[in-house]
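S.K.: Let me see the structure of the following:
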Amino acid sequence: MVTKSRSQRLGDLLLKHNIITRQQLDKALKVQKETGERLGKVLVDLGYATDRENP
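M.R.: Numbers count the residues shown, from 1 in each chain. Take a look at the predicted model:
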C-alpha cells in the first residue's frame, strides 16, 4: 500500500510509484487548472488511475 506524507503532493507520489507517467500528470494538471477539479478526480476521469490506486 502506498502511504502519503503531508509534504508530498499527489502527482509526485503517483509518479514515484510508477502509477502514472509525467505526460499523464502534465495533462491532468492542465485539465485540473481548466476545471478546478481535484487532481485525484481528474486522474480517475482521464482513466490514468483508479480510486484504489489513489493514496
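S.K.: List the neighbours of the top helix by length along the chain that are in contact with it.
M.R.: For the chain, the longest helix by residue count, based on DSSP state H, is helix 22-35. Taking C-beta atoms under 8 Å, 6 or more residues apart in numbering as the criterion, the residues outside helix 22-35 that touch it are Gly11, Leu14, Leu15, Ile20, Glu37, Arg38, Leu39, Val42, Leu43, Asp45, Leu46, Tyr48. (C-beta placed from N, C-alpha, C; glycine too.)
S.K.: pLDDT score for the residue positioned nearest the centre of the chain?
M.R.: Against the mean C-alpha coordinate of the chain, by C-alpha atoms, centre = their mean, the closest residue is Gly11 at 4.3 Å. We note a pLDDT of 94 for Gly11 in this prediction.
S.K.: can you pull the contacts of it?
M.R.: Ile20, Leu25, Ala28, Leu29, Leu39.
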